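In: Prediction below, plus the sequence it came from.
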Amino acid sequence: MERPLRRRNPLIATLLLLHTTTTTTTSSSSSTAAKAAKKSNHHRPPQKNPPKKPPALRFESERIKIAYYVIKNYKSRIENDPLQIKKTWVGTNVCNYTGFSCEVVPNYGKQRGVSGLSFNNFNFSGRRLSLDGLVEKLPDLTFFHANSNFFFSTIPKLISTVNFFYELDLSNNNFTGPFPSEVLGAVNLTFLDIRFNQYYGPIRSELFDMDIITAIFLNNNKFNQDIPANLGNTPARYLTFTSNEFTGPIPKSIGIGKTKKNLIEVLFSDNKLSGCLPMEIGLLENTVLFNASKNSLTGPIPYSFCCLTKMQILNFSDNNLYGAVPEDVCKLPNLQRFNLRNNFFTQVGPICRSLIWKDVLDVSGNCILGLPKQRPEKECTYFFSKPHSCPDDKSMKIIPCKATDYRPHPPPPRKLTEMRTYAALIPN
C-alpha cells in the first residue's frame, strides 16, 4: 500500500534557500577577500627593520664633552679653511685636533679640558667669523692665539667669566671699533696683543690699572688722543704704541710708578706725540729699549738719561729735539745704539764723537758744525728763529742718581739682546 506524498512546508523551504544562498555568498566573499589580501601582500614591500641607534659618544671627561659640542656648533662659521685644519676636527678626542691644547683642570680631579687655542696663521675666514660662541663658551680656556686670520666684530663680554684666561692674541685680523673694553674684565690677563687691526679712538686708562699684565701690544691701529696719565701704574714689561695717532706728551708717570722697576721695552714711535721729554724717563731702572722716533717731540735731552745704566737702544730720530747731546748719556755702559738723526742738535762732545766713529751714535741731519750729513743752514736758521722752551727747564738738568750722592755701580757690558717689542712690528 503506497504512502501518500508529504507536502513540503513552504516556510521551511524558504529558510533552506536563504541558508544556502548566505553560505554561498559568505564563502564567495571570503574567497574573494582572501584572494585580494593575497594579491595585496604580493605587492606590499617587505617591512624594513627600524634603524639602529648610533653608539653613544664616549668622552675622556665631562670637560672635554663641553668643548666638543662648542666646537661642533662653531666650526661651520669657518667658511674658508685654506690649510684644511678642520679636517682634523673629527671624533671625540678634541685634544688631538690641530690648534687645540688640553691640560688638567683645577678643582675637577684629574679631568682634562681644552686649555688653549692656537690658530696663528691659519687664515680662517667667514661671514660670521666673530669670537662669540667660542672663547666665552670654553670654560677651561687659558689662552687664545689667533694671529693672522680674518676674525672680526667684538670680543665677547662673557670673556670675564673664563676664570683662568690669561693670554689674548688677536693681532693681524679685521677687528674695528673703539678700544675693546671687554678685555678689562679679564682680570687674570697677562698678555694682550691687538696690533695690526683697525681699532680707533682713545685707549682706556683702566688698561694700565690691570694688576698682573706683563705685555701690551697696541701698535698699528688708529688709536688717538693722549696716552692716559696713569701709564706708570702698569706692571707691564713690554709696551708698544707704535704706528697709531697718539697726541700729547709722554706721561711723566712713566718713571715713578710700577714701570720704574718693571718696564723693559717701550715703543712710542710713529705717532703725533709732542712736548718735551719728561726727566722721569731717567728714573727707569731696568729699561733696555726706548724708542720715541717719528714724532714731534721737542726740547733738550734731560740729564737724567745718564742714569739709564741698563739702556741698550735709545731712538729719538725724526723729532724736533735740540741743544747739546749730554756727554754723560754717551757714557752709558750698555748703550749699543743711540739714534738722534733728523733733529736740531747743535753740539756733541769728545765722548759722543767717539760713538759716532763706532757707528753707535747717529747725529746725521742735525745742525752740528763740522760734521758731515747735516741739515742745510737755512733749515737750522729758520728753526732757531722761533722761541723754544720746556715748561720746566730746571728739571732737564736734574741727575737723580747723583742728587743723593748715589751712583749705581754699572753692570758689566753685555751683548745686545733681541728686542721683543721690535718683533711686534711685524704682523706675524
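Out: Cool, the structure landed.

In: For residue 364, see how far away residue 339 is.
Out: Applying CB to CB, to the nearest Å, the value for residue 339 to residue 364 is 10 Å. Using the backbone N, CA and C atoms, a C-beta is placed for each residue, glycine as well.

In: quick one, which of the two is more surrounded?
Out: The residue with more neighbours, out of residue 339 and residue 364, is residue 339; 19 against 16, by other CB atoms under 10 Å.

In: Run through the bridge partners of the more buried one.
Out: residue 315, residue 362 (DSSP bridges).

In: Mark out where each domain of this structure begins and ends.
Out: Domain segmentation of the chain under automatic domain parsing yields 59-201, 239-428.

In: Can you lay out these as a markdown table showing mean pLDDT and distance to residue 230?
Out: Converted to a markdown table, the domains of the chain look like this (pLDDT from 0 to 100; distance: least, CB to CB, whole Å):
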| stretch | mean pLDDT | distance to residue 230 |
| --- | --- | --- |
| domain 59-201 | 96 | 13 |
| domain 239-428 | 92 | 6 |
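
In: could I get the ones you listed as a markdown table with distance to residue 226?
Out: Shown next, in a markdown table, are the domains of the chain (distance: least, CB to CB, whole Å):
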| stretch | distance to residue 226 |
| --- | --- |
| domain 59-201 | 12 |
| domain 239-428 | 4 |
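
In: Relative to residue 50, which of the ones you listed is closest?
Out: domain 59-201 (25.6 Å; CB to CB).

In: Can you tell me the SS state at residue 395?
Out: For residue 395, the assignment made with DSSP: H, G, I helix; E, B strand; the rest coil gives helix.

In: how near is it to residue 252?
Out: Between residue 395 and residue 252 the computed distance is 9 Å (CB to CB).

In: Could you name every residue contacting both of these two?
Out: Both residue 395 and residue 252 are in contact with residue 278, where contact means CB atoms under 8 Å, 6 or more residues apart in numbering.

In: Just tell me which of the domains of the chain ends up closest to residue 207.
Out: Per CB to CB, nearest to residue 207 of the domains of the chain: domain 59-201, 6.7 Å.

In: Tell me how far that closest one lies from the chain's centre.
Out: 10 Å (CA atoms, centre = their mean, to the nearest Å).

In: what about it, start to end distance?
Out: Distance between the two ends of domain 59-201: 46 Å, counting by CA to CA, to the nearest Å.

In: What count of nearby residues applies to residue 236?
Out: 26.

In: which residues of the stretch 301-428 of the chain fall in helices?
Out: Assigned by DSSP state H, counting those that start in this stretch, the helices in the stretch 301-428 of the chain fall at 327-330, 350-357, 377-384, 400-403, 420-423.

In: Any buried residues in the second one, and which?
Out: Using 16 or more other CB atoms under 10 Å as the burial criterion, the residues of helix 350-357 that qualify are 352-353, 355-356.

In: closest to residue 277 among those?
Out: residue 352 (17.3 Å).

In: need the contact list for the closest residue to that closest one other than its chain neighbours.
Out: Closest residue in space to residue 352, ignoring its immediate chain neighbours: residue 330 at 4.1 Å, by CB to CB, 6 or more residues apart in numbering. Applying CB under 8 Å, 6+ apart, we find residue 330 in contact with 338, 349, 351-352, 354-355, 361.

In: Tell me which two of these sit farthest apart.
Out: Of all pairs in the contacts of residue 330, the most separated under CB to CB is 338 and 349 at 13.4 Å.

In: More neighbours: which of these two?
Out: residue 338 (23 against 13).

In: surely residue 77 meets residue 132?
Out: No: Residue 77 is beyond contact range of residue 132, at 9.6 Å (criterion: CB atoms under 8 Å).

In: got any residues that touch both of the two?
Out: Going by CB under 8 Å, 6+ apart, no residue sits against residue 77 while also sitting against residue 132.

In: rewinding a little: let's have the helices of the stretch 301-428 of the chain in a markdown table, adding distance to residue 88.
Out: A markdown table is the format used below for the helices of the stretch 301-428 of the chain (distance: least, CB to CB, whole Å):
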| stretch | distance to residue 88 |
| --- | --- |
| helix 327-330 | 55 |
| helix 350-357 | 54 |
| helix 377-384 | 61 |
| helix 400-403 | 57 |
| helix 420-423 | 29 |
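
In: what about the ones you listed, which gets the closest to residue 142?
Out: helix 420-423 (20.8 Å).

In: Could you pull out the buried residues of that closest one?
Out: Buried, per 16+ other CB under 10 Å, within helix 420-423: residue 421.

In: And stretch 279-288, by the same measure?
Out: Quick answer for stretch 279-288 (16+ other CB under 10 Å): 279-285, 287-288.

In: Same question for stretch 98-105.
Out: 99-100, 102, 105.

In: Residue 374: which of those is nearest?
Out: residue 99 (54.1 Å).

In: Could you measure from that closest one over to residue 145?
Out: In terms of CB to CB, residue 99 sits 9 Å off from residue 145.

In: Common neighbours of those two, please.
Out: 117-119.

In: of all these, which comes closest to residue 160?
Out: The closest of the shared contacts of residue 99 and residue 145, once distances to residue 160 are taken by CB to CB, is residue 117, at 17.8 Å.

In: For that closest one, which non-adjacent residue is closest in space?
Out: Nearest non-adjacent residue to residue 117 (CB to CB, 6+ apart): residue 144, at 5.0 Å.

In: Check the contact between the one you found and residue 171; I expect there is one.
Out: No: if you go by CB under 8 Å, residue 144 and residue 171 don't touch, sitting 11.7 Å apart.

In: Looking at these two, which one has more neighbours?
Out: residue 171 (24 against 21).

In: Phi and psi next, for that one.
Out: Torsion angles at residue 171 (phi, psi; degrees, to the nearest 10) stand at phi -70, psi 150.
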